[in-house]
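>>> give me coordinates for this.
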Amino acid sequence: MTTLCPFCFDEPGFRRRLKDIRPNFPRDLKCDFHPSRSGIPVAAIAPIIDAVIAPNYVTGGYEPYFAGDGDKPDYQQQGMSLVELVGDLTQAEHDDIAREIVNQLIDDDPADPHDGGETFYADDQSYVRYESSYNPRSEAWDQFKIEITYNRRFFSDIARGRLKQIF
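Numbers count the residues shown, from 1 in each chain. I've put the predicted structure just below:
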């Protein structure tokens, strides 16, 4: 069983979340990458990452590109590998840390290919951020950012209204 600690990651929000759940595990459980620190089983960390990736990312589409040795295109999948995505989201200290989480995500994937199910997490897939066509909170947030960046940075009634709409 692999164990990781909050200090394996540089993303402040994720690190804080791990610090919050750390007391739920035995103190003598040590981090595999920082042996002097208490660890959290990767099986408890993976669902936190899954809750971010599953609703916000999809497997990338394939786009043609021409290698130059003929008129037949090759196809390349768009996006980041799962290790790159997890590393980017968590700001993992090492690729080995992200790899441990990826292995757990793949193991925990509920789809069973033997039963005809299609797994979401795979080493041979690339992932891109899913942009839904309409999300009123995202739209309000985008309008808020424009208002405080380009119009009235301080004392903006429009920005105040957008924040009330979002929250």
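>>> whatever helix or strand Gly87 lives in packs against which elements?
Per DSSP states H and E: Gly87 is located in helix 82-90. Identification of packing neighbours for helix 82-90 by 3 or more C-beta pairs under 8 Å, 6 or more residues apart in numbering; DSSP states H and E yields helix 42-56, helix 95-108. Just so you know, the C-beta spots here come from the backbone N, C-alpha and C atoms, and that holds for glycine as well.
>>> so which of the ones you listed is nearest Asp32?
helix 95-108 (7.9 Å; C-beta to C-beta).
>>> what does the very next helix or strand once past the closest one contact?
Next in sequence after helix 95-108, counting helices and strands by DSSP H and E, comes strand 126-129. Strand 126-129 has contacts (C-beta atoms under 8 Å, 6 or more residues apart in numbering) with 53, 56-61, 77-82, 85.
>>> can you pick the most crowded of the residues you listed?
In terms of neighbours by other C-beta atoms under 10 Å, these top out with Leu82 at 26 neighbours.
>>> how close does it sit to Arg17?
Per C-beta to C-beta, to the nearest Å, Leu82 is found 20 Å from Arg17.
>>> now swap in Gln104 and tell me
Taking C-beta to C-beta, one finds Gln104 at 16 Å from Arg17.
>>> repeat that for Asn24.
For Asn24, the distance to Arg17 - C-beta to C-beta - is 12 Å.
>>> same question, Val58
From Val58 to Arg17 the distance is 24 Å (C-beta to C-beta).
>>> repeat that for Asp50.
13 Å.
>>> with adjacent residues omitted, what lies nearest to Ile101?
Val86 (5.1 Å; C-beta to C-beta, 6 or more residues apart in numbering).
>>> ok, the one you found - contacts?
So Val86 contacts 49, 53, 92, 98, 101-102, 105 (C-beta under 8 Å, 6+ apart).
>>> before we move on, back to that, more neighbours, Gln104 and Arg17?
Gln104 (22 against 15).
>>> contact partners for the residue nearest to that one when sequence neighbours are not counted?
If the residues on either side of it in the chain are set aside, Gln104 comes closest to Ala46, at 3.9 Å by C-beta to C-beta, 6+ apart. Ala46 makes contact with 101, 104-105, 108, according to C-beta under 8 Å, 6+ apart.
>>> which one (most neighbours) among those?
Of all these, the highest neighbour tally under other C-beta under 10 Å goes to Ile101, namely 26 neighbours.
>>> quick one, what contacts that one?
Contacts of Ile101 (C-beta under 8 Å, 6+ apart): 4, 42, 45-46, 49, 86, 90, 92.
>>> cool, thanks, signing off.
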